[in-house]
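Chemist: have a look; sequence and predicted model below, questions after that.
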Amino acid sequence: MKLLKLKELPEGDKKRSFGIYIILLLGVALLAFGSLPDKKPEAAPEPSQKNSGYTEQLEARLEAALSEIDGAGRVEVMLVAENGGSIAVQQDGSGESSKTVVLSGPSGSEALVLAENAPSVRGALIIAEGGGSDRVRAELAEAASTALGIGAHRVKVYKMRQM
């Protein structure tokens, strides 16, 4: 069987052959793009949502602890996080073809989390009623530094304004 070139076909057959070539090319393109691996995990939790709650809880616990220091009075704490933390999920396979292991449960699908690292604290701002006293400021800064595991130079304590 001899293959005819597009130039040798009659006018009506040229249009039909051209249409068939286009359809074949589109089919091959769809097959090629459909077999590409997904780059994003299917149901990975978002670190920013979980870790913002972690920072708020840490601030509340620190406020409660610091307000117990003699002379501190009412205390407000603001923490500055260095990063959003990280989450390590179980991977099935290795390299580019690996996929996140997803577990299905009554509440929906979730990624299998191996480890969750809290965001690291870069600094702390403490505002206290007793912040006018040098002794109270020093004790608040030392307590916060110890509780957060950061240097004392990363903790600032100020006196709360009177209302």
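Modeler: Perfect, I can see it now. These numbers come from a predicted model, not from an experiment. Numbering: from 1, shown residues only.

Chemist: packing partners for the helix or strand that contains residue 18?
Modeler: Assigned by DSSP states H and E, residue 18 belongs to helix 11-34. Where contact means 3 or more Cβ pairs under 8 Å, 6 or more residues apart in numbering; DSSP states H and E, helix 11-34 is not packed against any helix or strand. (C-beta placed from N, C-alpha, C; glycine too.)

Chemist: what mean pLDDT does the helix or strand following it have?
Modeler: Per DSSP H and E, helix 11-34 leads on to helix 47-66 as the next helix or strand towards the C-terminus. Throughout helix 47-66, pLDDT has a mean value of 77.

Chemist: and the contacts of the helix or strand just after helix 47-66?
Modeler: Using DSSP H and E, the helix or strand that follows helix 47-66 in sequence is strand 75-81. The contact list for strand 75-81 (Cβ atoms under 8 Å, 6 or more residues apart in numbering) reads 51, 55, 58-59, 62-63, 66-67, 119-129, 140, 144, 148, 160.

Chemist: what helix or strand does residue 119 sit in?
Modeler: According to DSSP H and E, residue 119 maps onto no helix or strand at all.

Chemist: quick revisit: what comes up buried for the helix holding residue 18?
Modeler: Going by neighbour count (16 or more other Cβ atoms under 10 Å), nothing in helix 11-34 comes out as buried.
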